[in-house]
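K.L.:
Let's see this in three dimensions:
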Amino acid sequence: MKRNILSYLTAACLAALTALTSCGEDRSGEYYALISSKTWMYQTMQDYYLFYQDLPAESELDFFMTPEQFLNAAASEKDKKNGVLYSHIDSVKTTSTTRTLSEVPTYGYEAVMLQAENGDYALQVLYTQPDSPAEEVGLKRGDLIIGADSIKIGSNDYGKYVSSPTTAHKFTLGTYNAELTKMDTTGTVQMPAPRIVEMQNLLKTSLISSGNRTAAYILYNEFGEEDGSQWQSLYSQLASTHPDDIILDLRYNPGGYVSTAQLVATLLAPSTALGQPMLYMTPNDKIATVESYNFDASLLPGGSNLTYRNLYILTSGNTASASEIVINCLRPYLTGNLYQVGTATFGKNVAQARYTDEQAPLLELWLTTYYLSNAEGYQDYDAEGLQPDFTLSESYGGTLGELGSADDLLMQPVLVHMATGAFPSSETPAATRTGKAIPAGMRIIHHSIDDKPHRTRTDRRPDVLSSSN
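P.N.:
Presented below is the predicted three-dimensional model:
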């Protein structure tokens with residue numbers, strides 16, 4: 001196949017080659033250097049791409065594009081959601097393997113941009129990272145940033161103050177006046193210059209009681225490749241505290257590594273699941289060998305599983321990829337004891353495997369290679385996501401409440417269920433059942449978690465599979 005591609009390119013670009021040799025100097029090596037990474041990508045996609053049938057003919061592609069441009073041009077529409085391509089290009093990692101650092105300087109907070117009925121904008125803080133500029137100045141969940149340097153927040157300021165800050169600012173804080181449908185000022189904070197921050201994926205753990213039951217609350221925001229030791233340490237703590245229930249908060253978790261999802265699912269699985277199939281990964285029909293991950297008892301500290309009754313998983317439309325693996329793959333083994341609370345998940349049922357080429361040693365092609373299904377073969381959640389057992393949205397613009405507390409809206413039905421064995425009735429008034437609703441006249445403009453990569457990365461690929469799990 002590669003020979004055919006090169007033959008085509010040689011014919012199609014004869015004029016370019018002629019130009020490179022017209023002055024008596026053979027510069028054809030420069031030509032092949034320009035196209036070699038793309039010819040390798042195209043060959044790899046022909047062999048391993050889940051949607052290889054949708055690849056354009058090579059005559060329809062420009063092999064002089066950058067690798068990122070080429071991938072976007074060649075990829076199938078089935079490999080996208082909301083306009084974002086799942087397959088992606090990365091450079092070989094150069095960061096520490098023991099911690100996750102922000103890729104660019106940051107203030108260290110996540111936020112949602114809101115607009116009031118009168119046109120005013122605000123940034124509402126969702127959470128802050130430890131030892132970040134945001135935590136340093138005392139920003140906390142629920143705070144509304146309504147201005148910076150005595151100027152109101154504008155519609156184009158999201159990047160400047162959230163995703164790509166470059167300098168220090170004096171932030172004005174406020175509240176939403178629902179009666180007057182405008183923002184009222186409450187104070188200011190001096191935000192220092194952004195800096196590289198160590199990102200904590202396992203952001204919060206705590207205990208909370210309701211009725212005569214106690215639950216362990218776990219806020220997990222990304223399935224990082226190197227999170228295993230933290231999870232195993234947490235597991236040992238849980239084994240010593242013996243919680244009645246577990247609350248796994250994945251509302252802000254867009255995914256990550258399949259191997260970490262296997263670890264988390266195994267740590268939360270009942271004893272009957274150990275050694276059983278957890279996840280099936282089905283490649284294209286050229287390969288036709290289904291790979292599987294099991295609930296692996298060797299991942300358990302001490303070799304024994306936790307004993308608890310109910311697992312509550314908090315979700316949103318940004319709960320995606322590896323997060324959905326955990327939910328979907330635990331459901332067959334926790335029937336009647338796994339409860340999803342929040343809104344439907346994102347709906348990503350495919351995984352990307354990593355491919356490299358010695359001719360492009362700094363390039364990683366993460367190519368959509370597998371469909372994902374649980375032990376019962378269920379994988380059809382790409383269109384509508386995984387549906388909750390109790391539907392509830394966060395009250396952006398209103399009172400969010402501390403994550404994992406009784407004031408956290410998504411926690412409230414969980415606490416009712418813990419105490420009574422049932423969720424609040426659908427006839428219960430919304431103000432009682434969910435706390436304050438999103439203020440009238442407020443609308444969401446942008447959510448920072450939307451910008452995070454919704455990744456499902458696996459270290460297994462069809463050409464290097466072994467016979468063991």
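
K.L.:
any idea which helix or strand comes after the longest helix along the chain?
P.N.:
Counting residues, the longest helix found in the chain (DSSP state H) is helix 28-48. Counting by DSSP states H and E, the element after helix 28-48 in chain order, helix or strand, is helix 67-74.

K.L.:
that older thread, what average pLDDT does the longest helix of the chain get?
P.N.:
Here helix 28-48 scores 83 as its mean pLDDT.

K.L.:
I'd like to know which elements it is packed against.
P.N.:
helix 2-12, helix 14-21, helix 67-74, strand 350-357, strand 360-373 (3 or more C-beta pairs under 8 Å, 6 or more residues apart in numbering; DSSP states H and E). Using the backbone N, CA and C atoms, a C-beta is placed for each residue, glycine as well.

K.L.:
quick one: that helix to chain centroid distance?
P.N.:
Computed by C-alpha atoms, centre = their mean, to the nearest Å, the chain-centroid distance of helix 28-48 equals 30 Å.

K.L.:
Now that helix: buried residues?
P.N.:
By neighbour count on 16 or more other C-beta atoms under 10 Å, the buried set for helix 28-48 is 31, 35-45, 47-48.

K.L.:
from the residues you listed, which single one is nearest residue 335?
P.N.:
Ranked by distance to residue 335 (C-beta to C-beta), those are led by residue 48 at 35.0 Å.

K.L.:
and that closest one, how far is that from residue 356?
P.N.:
As for residue 48, its distance to residue 356 is 13 Å (criterion: C-beta to C-beta, to the nearest Å).

K.L.:
Identify the residue spatially nearest to residue 172, adjacent ones excluded.
P.N.:
residue 147 (3.5 Å; C-beta to C-beta, 6 or more residues apart in numbering).

K.L.:
For the one you found, which residues are in contact?
P.N.:
153, 171, 172, 174, 185 (C-beta atoms under 8 Å, 6 or more residues apart in numbering).

K.L.:
Pull up the per-residue confidence for it.
P.N.:
On the pLDDT scale, residue 147 gets 97.

K.L.:
do the same with the one 5 residues further on
P.N.:
According to the predicted model, the pLDDT of residue 152 comes to 96.

K.L.:
hang on, isn't it packed against residue 120?
P.N.:
Yes: if you go by C-beta atoms under 8 Å, residue 152 and residue 120 touch, sitting 6.6 Å apart.

K.L.:
The two: who's more crowded?
P.N.:
Using other C-beta atoms under 10 Å as the criterion, residue 152 and residue 120 rank with residue 120 on top: 19 against 14.

K.L.:
Please, where are all the strands along the stretch 201-350 of the chain?
P.N.:
Taking DSSP state E, counting those that start in this stretch, the strands of the stretch 201-350 of the chain run over residues 202-210, 213-220, 245-249, 256-257, 277-282, 291-294, 310-315, 338-342, 350-357.

K.L.:
got the CA positions of the first one in CSV?
P.N.:
Translated: strand 202-210. Taking Å, rounded to 0.1, in the frame of the first residue of the first chain, the C-alpha atoms of strand 202-210 are listed here in CSV:
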residue,chain,number,x,y,z
LEU,A,202,-8.3,13.2,42.2
LEU,A,203,-9.4,16.6,43.6
LYS,A,204,-11.4,15.9,46.7
THR,A,205,-12.4,13.0,49.0
SER,A,206,-14.5,13.3,52.1
LEU,A,207,-17.2,11.5,54.2
ILE,A,208,-20.8,12.5,54.4
SER,A,209,-23.7,11.0,56.3
SER,A,210,-27.4,10.8,55.7
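
K.L.:
Quick one: mean pLDDT for that strand?
P.N.:
Rounded mean pLDDT across strand 202-210 is 98.

K.L.:
and the angle for that strand with strand 213-220?
P.N.:
160 degrees (axes from the mean of the first three to the mean of the last three C-alpha atoms, to 10 degrees).
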